[in-house]
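In: Structure, please.
(one chain, ligands or ions: 2)
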Amino acid sequence: MIIAIDGPAASGKGTIARRLAAHFGLPHLDTGLLYRAVGAKALADHVNLDDEAALAALAGALDPAALDPEALKAGAVGEAASRVASLPQVRAKLLTLQQDFARQPGGAVLDGRDIGTVIAPEAEVKLFVTASPQARAARRHAELAGRGESVTLDAVLADILKRDQRDSGRANAPLIRAGDAALLDTTDMNIDESWQAALALVAAKRSGRVA
Ligand SMILES: Nc1ncnc2c1ncn2[C@@H]1O[C@H](COP(=O)(O)OP(=O)(O)O)[C@@H](O)[C@H]1O
Ligand SMILES: Nc1ccn([C@@H]2O[C@H](COP(=O)(O)OP(=O)(O)O)[C@@H](O)[C@H]2O)c(=O)n1
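Out: Ligands and ions are numbered 1, 2, ... in the order given. I've put the predicted structure just below:
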């Protein structure tokens, strides 16, 4: 079974994806980490974030086994990730490894922006997880504060709105709800409530109770 989870920044899709993977005993890929890794490498190597050929070369050289989620979750990396993710050549370099991960025997859980639309349109279960920008900013702010990053709530909200706009507005694999994805708005849910709602949607989808 392939489970595709998409949604905007800090909506809680990663949390739900990890729990679903553990629940069903499936491997999980946080595809945002791939774009974050390219963005982080570009920042470290002073590669211009508009230099599509150079960034595609970084994406092509990426070792998915060597990703460091802890370092890649830093606030500044998200903005760089979103910029490199808007470049078609970068996305093309990362396509096959994501599709191979999705199509491994037994299935997988993947979360990102284009899983249900581009990477695995054939997924048996698709969720589009969202929440209000204010709720998402509050969550990401708390997360960054927990990491010791000092940043204001307003700055986090501005970053999220800018990224949402870029991710949704790009021509190539934009952030958009697949027609057959179940919508899960977690604005007024805590983590446990979101998890229970996600599990119910997956169960309904698998039993054919929703389209
Ligand atoms: N429903 C929720 N209510 C409150 N906080 C949440 C909820 N879901 C996730 N979080 C927290 O918000 C932050 C972002 O969640 P995460 O799953 O990483 O989002 P995403 O993968 O969409 O960026 C994390 O610190 C996570 O623990
Ligand atoms: N499948 C994906 C996953 C991420 N991304 C890009 O990578 C950036 C970082 O993704 P992420 O999932 O780690 O970001 P958060 O939702 O955790 O903030 C996003 O803003 C997108 O621009 C993408 O384009 N396609």
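In: which SS class is residue 173?
Out: coil (DSSP: H, G, I helix; E, B strand; the rest coil).
In: Provide the secondary structure category for residue 110.
Out: Assignment for residue 110 (three-state DSSP): strand.
In: what sits against the residue nearest to residue 124 when sequence neighbours are not counted?
Out: Distances taken as Cβ to Cβ, 6 or more residues apart in numbering put residue 1 closest to residue 124, at 5.0 Å, once the chain neighbours are dropped. Every C-beta, even on glycine, is put in place using the N, C-alpha and C of the backbone. Taking Cβ atoms under 8 Å, 6 or more residues apart in numbering, we find residue 1 in contact with 24, 26, 106-107, 124-125, 206.
In: what separates residue 1 from residue 34, distance-wise?
Out: Residue 1 sits 22 Å away from residue 34, taking Cβ to Cβ, to the nearest Å as the criterion.
In: same question, residue 187
Out: Taken as Cβ to Cβ, the span from residue 187 to residue 34 is 28 Å.
In: okay, the two: which has more neighbours?
Out: Shown here are residue 187 and residue 34; by other Cβ atoms under 10 Å, residue 34 has more neighbours (25 against 14).
In: is any part of the helix or strand harbouring the more buried one close to ligand 1?
Out: Using DSSP states H and E, residue 34 sits in helix 32-44. No - using Cβ under 6 Å from any ligand atom, helix 32-44 stays clear of ligand 1, with a minimum separation of 6.8 Å.
In: which helices and strands sit right next to that helix?
Out: Helices and strands touching helix 32-44, as assessed by 3 or more Cβ pairs under 8 Å, 6 or more residues apart in numbering; DSSP states H and E, comprise helix 52-60, helix 69-72, helix 75-85, helix 88-102.
In: Could you list everything the residue sitting nearest the centre point of the chain pairs with in the sheet?
Out: The structure's the chain has its C-alpha centroid closest to residue 112; by Cα atoms, centre = their mean the separation is 2.6 Å. Taking DSSP bridges as the rule, residue 112 bridges to residue 6.
In: among the helices and strands packed on helix 32-44, which is nearest residue 118?
Out: helix 88-102 (7.8 Å; Cβ to Cβ).
In: what does this structure have sitting close to ligand 2?
Out: Counting by Cβ under 6 Å from any ligand atom, the chain sits next to ligand 2 at 9-10, 31-32, 35-36, 78, 81-82, 85, 112-114, 163, 167.
In: In terms of distance to ligand 1, which of these ranks first?
Out: residue 10 (4.4 Å; Cβ to the nearest ligand atom).
In: so what pLDDT did the nearest residue to residue 41 once chain neighbours are set aside get?
Out: Leaving out its chain neighbours, the residue that sits closest to residue 41 by Cβ to Cβ, 6+ apart is residue 58, at 5.0 Å. According to the per-residue confidence, residue 58 scores 98 in pLDDT.
In: hmm, back to that, closest one to ligand 1 among the helices and strands packed on helix 32-44?
Out: That would be helix 75-85 among the helices and strands packed on helix 32-44, by Cβ to the nearest ligand atom, at 8.7 Å.
In: The residue lying closest to residue 180 once chain neighbours are set aside: what's it in contact with?
Out: The shortest distance from residue 180 to any non-neighbouring residue, by Cβ to Cβ, 6+ apart, is to residue 126 (5.9 Å). Contacts for residue 126 (Cβ under 8 Å, 6+ apart) come out as 3-6, 115-116, 178, 180-182, 205.
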